[in-house]
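Asker: can't give you the sequence, but here's the structure:
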């Protein structure tokens, strides 16, 4: 299973752009990218943004190293 970072890189997005697309703070996107805990709603926003950018459905359960606090 891919990590947030792997999906972000596949989508060719820098962390700050992913944060803007997901409407979350840069530090939140960076924490998720580093495998650190983030809130569930923020994780969902990041995964939805990645899903849109990659053009395929992705669920939270499909992400490796995603820690929900």
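Answerer: Sure, I can see it. Computed from a predicted model, the values in this text were never measured in an experiment.
Asker: quick one: contacts for the residue nearest the centre of the chain?
Answerer: Closest residue to the average C-alpha location of the chain: residue 46 at 3.8 Å, with Cα atoms, centre = their mean. Going by Cβ atoms under 8 Å, 6 or more residues apart in numbering, residue 46 touches 4, 18, 22, 24, 28-29, 32, 38. C-beta coordinates here come from the backbone N, C-alpha and C atoms, glycine included.
Asker: Which one (most neighbours) among the residues you listed?
Answerer: residue 32 (30 neighbours; other Cβ atoms under 10 Å).
Asker: With distance to residue 58 as new columns, can the contacts of residue 46 be given to me in a markdown table?
Answerer: Formatted as a markdown table, the contacts of residue 46 follow (distance: Cβ to Cβ, whole Å):
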| residue | distance to residue 58 |
| --- | --- |
| 4 | 10 |
| 18 | 13 |
| 22 | 12 |
| 24 | 16 |
| 28 | 18 |
| 29 | 15 |
| 32 | 13 |
| 38 | 16 |
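Asker: from those, which two are the most distant?
Answerer: Using Cβ to Cβ, the contacts of residue 46 reach their maximum pairwise distance at 18 and 38, which is 12.5 Å.
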